[in-house]
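K.L.:
please work out how this folds:
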Amino acid sequence: MSRISSAHMLEILVPLVHDSCPIASILVLCRQRVDCQDRPHGVGPCTLTDCKPTRDLRIKSMKMAASQLHRFLFFSLCFVAAGCSGSKTATVTGTVNYDGKPLPRGRITFYGDKNASSTADIEDGQYEAKKVPAGTAIKVTIATEYLKADVSMTGSGGPKERLRLLLEQTAVMKKEGKTIPAEFDEQVKELKKQEKRVEEQTKGYRPVDVKVTQADTTPLIFSITPGSQTLDPIELKKADPPTKPQR
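P.N.:
Just a heads-up that it's a prediction; the model follows:
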């Protein structure tokens with residue numbers, strides 16, 4: 001077998017080293033140039049002619065290495081920045097039961113650090129809260145009392161009571177043979193619409209324990225991790241309505 005000179009070996013290895021590590025190729029080429037300078041011109045496998053293309057190749061390799069290094073640093077910084085500023089929120093789904101049955105309506109709120117929070121509506125026991133703050137001790141509250149605020153409309157001054165009074169007044173006027181004002185009919189229609197709307201809004205009302213309605217007293221605390229997560233069912237028991245309005 002013929003012996004391969006070091007210069008020829010470098011010609012084979014340089015492209016391979018350059019592809020895998022451009023900085024390593026610079027070291028190889030620099031070492032090759034030192035070997036060339038240590039020999040008299042025309043002596044050994046390295047000649048002046050050999051050294052000139054080596055210098056050109058070294059310069060070219062240095063430029064390519066610098067370009068690749070810049071790209072590497074750029075993407076590294078982007079990766080680090082993305083990791084540092086990555087999303088720390090979650091999309092949380094789950095169910096809320098009331099006395100063993102799905103809670104018809106309500107609102108669920110997740111409280112994290114630095115006043116971060118996320119609220120979602122509960123419909124037929126189901127909810128999906130987005131941008132929920134992540135953490136190991138996220139407090140959860142359930143609100144239903146806001147529905148009861150609409151129930152008061154059926155009391156004194158509410159549409160149901162006003163409708164009853166208007167119909168009684170209309171009956172008296174008819175009995176006395178008086179003309180019924182045209183606006184009475186419009187008022188009756190409007191009050192009936194309001195009454196129906198109130199009934200639809202309040203039929204899902206269920207009183208819950210006042211402790212569950214406040215972040216300072218709620219016993220509902222969960223560990224939330226970034227991403228998508230489904231919580232275990234939340235079980236609420238029937239309780240008397242809170243004595244003061246919820247904030």
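K.L.:
which residues in the protein form helices?
P.N.:
Counting by DSSP state H, the segments of the chain that form helices are 6-20, 22-38, 48-84, 145-151, 159-175, 182-202.
K.L.:
which residue is the nearest non-sequential neighbour of residue 124?
P.N.:
Residue nearest to residue 124 in three dimensions, not counting chain neighbours: residue 102, with 5.2 Å by Cβ to Cβ, 6 or more residues apart in numbering. (Glycine included, C-beta is placed from N, CA and C.)
K.L.:
what number of residues lie near that neighbour?
P.N.:
14 (other Cβ atoms under 10 Å).
K.L.:
got it, and residue 131?
P.N.:
14.
K.L.:
ditto for residue 203
P.N.:
For residue 203, the number of neighbouring residues by other Cβ under 10 Å comes to 11.
K.L.:
contacts only, for it.
P.N.:
By Cβ atoms under 8 Å, 6 or more residues apart in numbering, the contact set of residue 203 is residue 104.
K.L.:
what distance do you get for it to residue 106?
P.N.:
With the distance defined as Cβ to Cβ, to the nearest Å, residue 203 ends up 13 Å from residue 106.
K.L.:
tell me the mean pLDDT over stretch 138-155?
P.N.:
Averaged over stretch 138-155, pLDDT sits at 75.
K.L.:
same thing with stretch 104-123?
P.N.:
The model assigns stretch 104-123 a mean pLDDT of 93.
K.L.:
go on, stretch 177-185?
P.N.:
Along stretch 177-185, the predicted local confidence has a mean pLDDT of 86.
K.L.:
residues contacting it, please?
P.N.:
The set of residues external to stretch 177-185 that reach it, using Cβ under 8 Å, 6+ apart, is 166, 170, 173, 174.
K.L.:
list the buried ones in that stretch?
P.N.:
The neighbour-count criterion (16 or more other Cβ atoms under 10 Å) identifies no buried residues in stretch 177-185.
K.L.:
for residue 223, grab the count of nearby residues.
P.N.:
The tally of other residues near residue 223 (other Cβ under 10 Å) stands at 11.
K.L.:
from residue 222, how far off is the nearest residue to it once chain neighbours are set aside?
P.N.:
What sits nearest to residue 223 in space, not counting adjacent residues and going by Cβ to Cβ, 6+ apart, is residue 136, at 4.9 Å. Distance, residue 136 to residue 222, by Cβ to Cβ: 9 Å.
K.L.:
which of the two has more neighbours?
P.N.:
Ranked by neighbour count (other Cβ under 10 Å), residue 136 and residue 222 place residue 222 first, with 18 against 9.
K.L.:
and this protein, what are its domains?
P.N.:
Domain assignment for the chain by automatic domain parsing gives 6-84, 89-144+204-236, 149-202.
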